[in-house]
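S.K.: what would the 3D arrangement of this be:
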Amino acid sequence: MQNQSFITEFVFLGLSQNPTVQKIVFIVFLLVYIATIGGNMVIVVTILCSPALLGSPMYFFLAFLSFLDACFSSAFAPKMIVDLLYERKTISYKGCMIQLFAEHFFGGAEVIILTSMAYDRYVAICKPLHYSSIMNWRLCGILVGVAWTGGFLHSIIQILFTFQLPFCGPNVIDHFLCDLYPLLELACTDTHIFGLFVVANSGCICIIIFTMLLVSYGVILFSLRTHSAEGRRKALSTCGSHIAVVVLFFVPCIFTYARPPSAFSFDKMVAIFYTMLSPLLNPLIYTFRNMEMKNAMRKVWKRLVVVSDEK
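M.R.: Down below sits the predicted model:
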């Protein structure tokens, strides 16, 4: 079925039409984006330059998660930040589809990596004697491959359905990014079935995986009763970080996609949270109470200082 779109571009209303507010938001978002990329890349570089960390599946997945966070944020943030400098914020039809694809590609991969990280912690805490044989590098490689494949399949399904929507009337999106529900509102056809599809393909998947993750962490915490006080403290610290990241990622996604397509005034605020704040907070959460990461960062920093001094 051929897409019958007559629209070549969309116009974003953005967060605000007030020039003063836009300038303030521009500065804030620019700083947030720089901090997001910087924080996540520091984690990636630290783990890649620390053989002791890179040899651990937990830190291997953490490096991959940080890379995904940087990519996920970059799918929207640069365009959104630049748009704040212009009165008229436009995006081409093709650019809109690319943005939509990137959002669901990196988001879908992140869901699978967060699930892999939960499984890694489950094996480490509940089956410590079998950890090295279960969480081998072959399995880690498979899980990363599944993350890329799952993200791609989830995203390509969304795009193929969106391509079927005819856009022939209004082209103004009351948002700052291209997403499924804002686009459904502009389609020149009955989108009821499409709305149900979004709930099934994104919302229900998020709810099911989020519930599975919470149950798995519940099992992990329950099994800690048999551990020593020191073992409990270390496991709780690690699992606490994981649970915080899972909640920050899944709750906004469930709110956005697991409901009928209707516009709420705070939809944009929720979108800011999962596109800008969640990728920024993840590196802070994972490094704030993690002594291994902090020590590794100090060693890498000292190594870089020594190399620069020698030059």
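
S.K.: how far is the helix or strand where residue 121 lies from where the chain is centred?
M.R.: Following DSSP states H and E, the helix or strand that holds residue 121 is helix 93-126. Between the centre of helix 93-126 and the centre of its chain there are 6 Å (C-alpha atoms, centre = their mean, to the nearest Å).

S.K.: output the contacting helices and strands for that helix.
M.R.: Counting contacts by 3 or more C-beta pairs under 8 Å, 6 or more residues apart in numbering; DSSP states H and E, helix 93-126 packs against strand 9-12, helix 57-74, helix 131-134, helix 137-163, helix 180-186, helix 205-223, helix 229-257. (C-beta placed from N, C-alpha, C; glycine too.)

S.K.: among the ones you listed, which is the most enclosed?
M.R.: helix 57-74 (a mean of 22; mean count of other C-beta atoms under 10 Å).

S.K.: so for it, mean pLDDT?
M.R.: Per-residue pLDDT over helix 57-74 has a mean of 93.

S.K.: that older thread, which one of the helices and strands packed on helix 93-126 lies nearest to residue 199?
M.R.: helix 229-257 (6.7 Å; C-beta to C-beta).

S.K.: next, the angle from the closest one to helix 57-74.
M.R.: Per axes from the mean of the first three to the mean of the last three C-alpha atoms, to 10 degrees, the angle that helix 229-257 makes with helix 57-74 is 30 degrees.

S.K.: identify all contacting residues around whichever helix or strand comes after helix 229-257.
M.R.: Remark: after helix 229-257, the chain's next helix or strand is helix 267-272, criterion DSSP H and E. Outside of helix 267-272, the residues within contact range by C-beta atoms under 8 Å, 6 or more residues apart in numbering are 15, 175-177, 179, 181, 252, 255-256.

S.K.: for helix 267-272, which positions count as buried?
M.R.: By 16 or more other C-beta atoms under 10 Å, the buried positions in helix 267-272 come out as 267-268, 271-272.

S.K.: and the helix or strand just after that helix, what's its mean pLDDT?
M.R.: Counting by DSSP H and E, the element after helix 267-272 in chain order, helix or strand, is helix 278-288. Mean per-residue pLDDT for helix 278-288: 84.

S.K.: now helix 278-288: buried residues?
M.R.: Buried-residue list, helix 278-288, by 16+ other C-beta under 10 Å: 278-283, 285-287.

S.K.: just list what that helix packs against, helices and strands only.
M.R.: Counting by 3+ C-beta pairs under 8 Å, 6+ apart, helix 278-288 packs on helix 19-48, helix 57-74, helix 229-257, helix 291-310.
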